[in-house]
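*Asks:* Compute the structure for the input listed below.
(chains A and B)
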Amino acid sequence: MKINERLNRNIRSGINLLLSDTSSNFPLSTDSLDLFGRGEDIIKIKKERWGLFNVGEIVSFWGNRIKSRLFLYGSRPEKYYEGCIYLADHQTSLSVIGDVKLTGDAYLSGSGIKPGYINQRGYSFSELLTGDIQKSNRSLPALNESIKQYLFELINRTKSQTAPEIITEIPADSLSQSFSDSTLTVFQHNKIIIANKSLKGRIVIMSDSSIEVENSATLENVMLVAPEIRFKKGFSGSVQAIASDSLVAEENANFFYPSSFVLLKQERESGFKSITIKNNCRFEGIILSVADSLDKEKTYLRIYAKSLVTGIIYVNGYVENLANVHGTILTDFFVYRHSSSVYINNLVDVEINRRLLPAYFVGSPVFGSRKNKLITWLQ
Amino acid sequence: MALTILLVIFGIVTTVFVQVSLNSGSEKQFKVEQLLNEFAKSTKDERSYFDDEVKKDDFLLQRKVEKYYDNPVVVHIHFLIYDANNKLLQDWNELAINDKD
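*Replies:* Residues are numbered from 1 along each chain as shown, chains lettered A, B, ... in the order given. Reported below is the predicted structural model:
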């Protein structure tokens, strides 16, 4: 039997073994594992968190031959994420106005959904929702606590970054760090501007103030961590951006799957914390905005018109959505602003279609890890 | 002279015989691997995670499926292929995830 095929088969077995593990034990690195108890098929398994997703590595051994594979994986989320909307039950109904199209089940308060009127304009269609209505709870579905803790630790590291392995400058214009190597962390005590750089792989850029990414930068699978993060007009790339104050994507920015925007508001912290996605942006991945359930101000997501989000939007707080969403939105409140008025739980002229979420889309274990799925191969 | 010609002919015949034998051996090995690969692929594509055996040409293909230790979703599949004389030609083990989607 060909050795290469055997190594590949054992890697596949190792991947299945790792994907079957939905525990929260991170990071994990096994010693040699004898797959079938015959002393022949030996592998090593490693898993680590990478933002909202996980990185897995399987190393397969046969005699003196070694082969390995690295991959990014996530989770199929719990059933609440299979609807188009989860609106927490704050005892108000959801009103739809204009050309709103909702496709998929909706989790709503007991008051349900109804046609509304704003500025003498009503609802354009006869059917309010293509799907079933289910009852929502007073708060959004719980997030995985250990992943939340890991994300808060990441943001807290921007306040006290002193480890010796950390560098203060991006060392080259083009940088690729394999996920089999250790993390390359770049930290600065002031604003970082990423321009004319190509960054790929296991790289974390951290600032204790802000990060600005110009459209001349190319990012692939890297993480950015800072209180404020801004992507300038026309940026394109796949990136996980984790912020504590604000996240902004300027016009015409493209975020390829699997990207993520994560806004974390600390307990007992006050102030307006927001994510903004401006006009004509494309976002494929996860937008997660976290605040304490007792926080009155919570957090705010604003998505401008003519943008498209494909994925999962989860906001402890307010969503002002003027864009189409192929996927699902989970929020405490929808907001619509017109002239000087603010309307709560009104949706106007948007399409939210859960059925247009591509089959390849895999969520994050932060939403509950019902089943792990491979997202992409890594180097 | 005649002896030399005889020796050359003998050499050529021997070489041809060995080559044909080797080729038929590797051809059979190729067929065995192809059949077992197809059997494993259809097992996983169709999620047929139960014991079964199938006759194909002069070969018997077999799979044995069991739980993988106490893992609730992973199955251990043992693929085997035998010739007409019930001689085991090749086998391998693999782990698969057995769930609904």
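*Asks:* In terms of helices and strands, where is the residue in chain B positioned nearest to chain A?
*Replies:* Closest approach between chain B and chain A, counting by Cβ to the nearest Cβ: B:L95, at 3.7 Å. Glycine gets a C-beta too; all of them are placed from N, C-alpha and C. Assigned by DSSP states H and E, B:L95 belongs to strand B:88-97.
*Asks:* Pull the residues that contact that strand.
*Replies:* Here strand B:88-97 makes contact (Cβ atoms under 8 Å, 6 or more residues apart in numbering or on different chains) with A:1, A:6, A:9, A:12-14, A:16-17, A:19-20, A:35-36, A:41, B:32-33, B:36, B:40, B:44, B:49, B:59, B:68, B:73-83.
*Asks:* number of nearby residues for the residue in chain A positioned nearest to chain B?
*Replies:* In chain A, the residue found nearest to chain B is A:S13; the distance is 3.7 Å by Cβ to the nearest Cβ. If you count neighbours by other Cβ atoms under 10 Å in any protein chain shown, A:S13 ends up with 25.
*Asks:* Can I take it that it is in a helix?
*Replies:* Yes. A:S13 forms part of a helix when assessed by DSSP: H, G, I helix; E, B strand; the rest coil.
*Asks:* circling back to that earlier point, in helices only, show me the contacts of strand B:88-97.
*Replies:* Using DSSP state H, the members of these that fall within helices are A:6, A:9, A:12-14, A:16-17, A:19, B:32-33, B:36, B:40, B:44.
*Asks:* Sheet-wise, list the partners of the least confident helix or strand in chain A by mean pLDDT with their directions.
*Replies:* Taking all helices and strands of chain A together, the one with the lowest average confidence (mean pLDDT, DSSP states H and E) is strand A:28-29, at a mean of 82. Each strand paired with strand A:28-29, and its direction, by DSSP bridges: strand A:42-50 (antiparallel).
*Asks:* one step back: the residue of chain A closest to chain B: what's it in contact with?
*Replies:* Contact criterion Cβ under 8 Å, 6+ apart gives A:35, A:41, A:43, B:93-95 as the residues in contact with A:S13.
*Asks:* If we ignore the residues flanking it in sequence, what's nearest it?
*Replies:* Distances taken as Cβ to Cβ, 6 or more residues apart in numbering or on different chains put B:L95 closest to A:S13, at 3.7 Å, once the chain neighbours are dropped.
*Asks:* What is the burial count for that neighbour?
*Replies:* For B:L95, the number of neighbouring residues by other Cβ under 10 Å comes to 23.
*Asks:* Quick check, pLDDT for it.
*Replies:* Looking at B:L95, its pLDDT reads 97.
*Asks:* what does A:Y304 give?
*Replies:* 97.
*Asks:* now swap in A:K79 and tell me
*Replies:* On the pLDDT scale, A:K79 is placed at 83.
*Asks:* Next, give phi and psi for it.
*Replies:* phi -60, psi -30 (degrees, to the nearest 10).
*Asks:* A:T92 against A:I344, yeah?
*Replies:* Yes. Shown here, A:T92 and A:I344 form a contact pair, counting by Cβ atoms under 8 Å, at 6.4 Å.
*Asks:* got a list of what the residue lying closest to A:F367 once chain neighbours are set aside touches?
*Replies:* If the residues on either side of it in the chain are set aside, A:F367 comes closest to A:P77, at 3.9 Å by Cβ to Cβ, 6+ apart. For A:P77, the contacting residues are A:312, A:363-364, A:367-368, A:370, by Cβ under 8 Å, 6+ apart.
*Asks:* dump the residue contacts of the closest residue to A:N144 other than its chain neighbours.
*Replies:* Once its chain neighbours are removed from consideration, A:N144 has its nearest residue in A:V366; the separation is 5.1 Å (Cβ to Cβ, 6+ apart). Listed by Cβ under 8 Å, 6+ apart, the contact partners of A:V366 are A:52, A:143-144, A:147-148, A:151, A:288.
*Asks:* Turn those into CSV, including distance to A:D31 and neighbour count.
*Replies:* Putting these into CSV (distance: Cβ to Cβ, whole Å; neighbours: other Cβ atoms under 10 Å in any protein chain shown) gives the following:
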residue, distance to A:D31, neighbour count
A:L52, 28, 27
A:L143, 32, 18
A:N144, 27, 16
A:I147, 26, 21
A:K148, 30, 16
A:L151, 29, 21
A:L288, 34, 28
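*Asks:* Okay, and which of the residues you listed map to helices?
*Replies:* Members of the contacts of A:V366 lying in helices (criterion: DSSP H): A:147-148, A:151.
*Asks:* Any chance of those in CSV with distance to A:T376 and pLDDT as columns?
*Replies:* Converted to CSV, the ones in helices among the contacts of A:V366 look like this (distance: Cβ to Cβ, whole Å; pLDDT from 0 to 100):
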residue, distance to A:T376, pLDDT
A:I147, 19, 95
A:K148, 24, 96
A:L151, 21, 97
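*Asks:* any idea which of those residues is closest to A:P358?
*Replies:* A:P358 lies nearest to A:I147 out of these, by Cβ to Cβ, at 23.4 Å.
*Asks:* what sits against the closest one?
*Replies:* By Cβ under 8 Å, 6+ apart, the residues touching A:I147 are A:24, A:49, A:52, A:364-366.
*Asks:* Which secondary structure element is home to residue 55?
*Replies:* You didn't say which chain, so I picked chain A. Secondary structure assigned from DSSP H and E places A:V55 in strand A:53-62.
*Asks:* oops, I was thinking of chain B
*Replies:* Counting by DSSP H and E, B:K55 is found in strand B:52-56.
*Asks:* quick one: contacts of that strand?
*Replies:* If you take Cβ under 8 Å, 6+ apart as the criterion, strand B:52-56 is touched by B:35, B:39, B:60-63.
*Asks:* try 6 Å this time
*Replies:* With contacts defined as Cβ atoms under 6 Å, 6 or more residues apart in numbering or on different chains, strand B:52-56 is touched by B:35, B:61-63.
*Asks:* circling back: widest-spaced pair of the ones in helices among the contacts of strand B:88-97?
*Replies:* Spatially, the most separated pair among the ones in helices among the contacts of strand B:88-97 is A:L19 and B:V32, at 30.2 Å (Cβ to Cβ).
*Asks:* And these two? Which one has more around it.
*Replies:* Between A:L19 and B:V32, counted using other Cβ under 10 Å, A:L19 has the larger neighbour count: 21 against 18.
*Asks:* And for the more buried one, nearest residue in space, chain neighbours not counted?
*Replies:* Among residues not flanking A:L19 along the chain, A:N372 sits closest, at 4.2 Å (Cβ to Cβ, 6+ apart).
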